[in-house]
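Enquirer: coordinates only, sequence not included:
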């Protein structure tokens, strides 16, 4: 058992009564209300004293409504201390007004635009997308990168072209664990980690494996390589709950990560499970 509570850098919340999520219709197990109290219940025996909401791929153009709903939840939920909101960055400077509205919420700590669902391999290199990133850099708002492993070359170039933006890679770049693939993901992670404005979430890993047949030993080398590339100062724990439930329970995921870093120092473990997320998302600000 931990001697400190967890800061979870990646939690999804859903409100299907007021918002629509086309993707959950295809995954009935996830198609339900998902609220902070449900997170606390599913995490037992682990204590989560702070968490960051990450946009849940709400149907456009409802991203501002999603942000309003999450900000309202935070008023009465002290554990909800950060919000990574959705924003269609590909619209470039046209989205500055929407960004202004998001910035009115004091829990805004980042922005995400899903790249993994885009058929264009260079979607994140379009002029509009890069212009949108410039708006984030000017306001020191970080960007969550959510991609599949084969989209990493464009991501590496996107980061090179955006030196003033702080980035965090979600789900260790979604490697092809189910197929047993390491290359070229392994090298791409090394390249991305070579840019100091990029951090990484140890999250969403088991869902990239066979949901019903993965093992700890299968997961371990991917997480160890990520930690080797980025180090504990640039890695943060995330659950990717409730999507996590497709392959694991919350306690099981905590225990796997804890097992993999068992030989790390107490200070390194605290960075991974708490301090990196607090610092990156400025949850103490």
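Expert: Looks like it arrived, so ask away. Here the structure is a predicted model, which means the values were calculated and not measured. Numbering: from 1, shown residues only.

Enquirer: look up how far residue 209 lies from the residue positioned nearest the centre of the chain.
Expert: By Cα atoms, centre = their mean, the chain has its centre lying nearest to residue 170, at 4.1 Å. Counting by Cβ to Cβ, to the nearest Å, the separation of residue 170 from residue 209 is 16 Å. The way it works is simple: take the backbone N, C-alpha and C, and place the C-beta from them, glycine included.

Enquirer: now do residue 249
Expert: Distance from residue 249 to residue 209, by Cβ to Cβ: 15 Å.

Enquirer: quick one, which of those two is more surrounded?
Expert: residue 209 (21 against 13; other Cβ atoms under 10 Å).

Enquirer: OK, contacts around that one?
Expert: Counting by Cβ atoms under 8 Å, 6 or more residues apart in numbering, residue 209 makes contact with 177, 178, 218, 219, 247.

Enquirer: low pLDDT regions in this structure?
Expert: 1, 285 (pLDDT under 70).

Enquirer: for it, which segments count as helices?
Expert: Using DSSP state H, the helices of the chain run over residues 36-43, 63-76, 96-103, 127-139, 152-160, 185-193, 216-230, 250-260, 266-270, 276-281.

Enquirer: what does the first one rub up against?
Expert: Residues from elsewhere that reach helix 36-43 (Cβ under 8 Å, 6+ apart): 6, 8, 11, 13, 48, 51, 73, 77, 79-80, 241-242, 245, 249-251, 254.

Enquirer: re the thing from before, so which of the helices of the chain is the most packed in?
Expert: Stretch with highest mean neighbour count among these: helix 276-281 (a mean of 23; mean count of other Cβ atoms under 10 Å).

Enquirer: helices and strands around that one, which ones?
Expert: If you count contacts as 3 or more Cβ pairs under 8 Å, 6 or more residues apart in numbering; DSSP states H and E, helix 276-281 packs onto strand 6-11, strand 48-54, strand 235-237.
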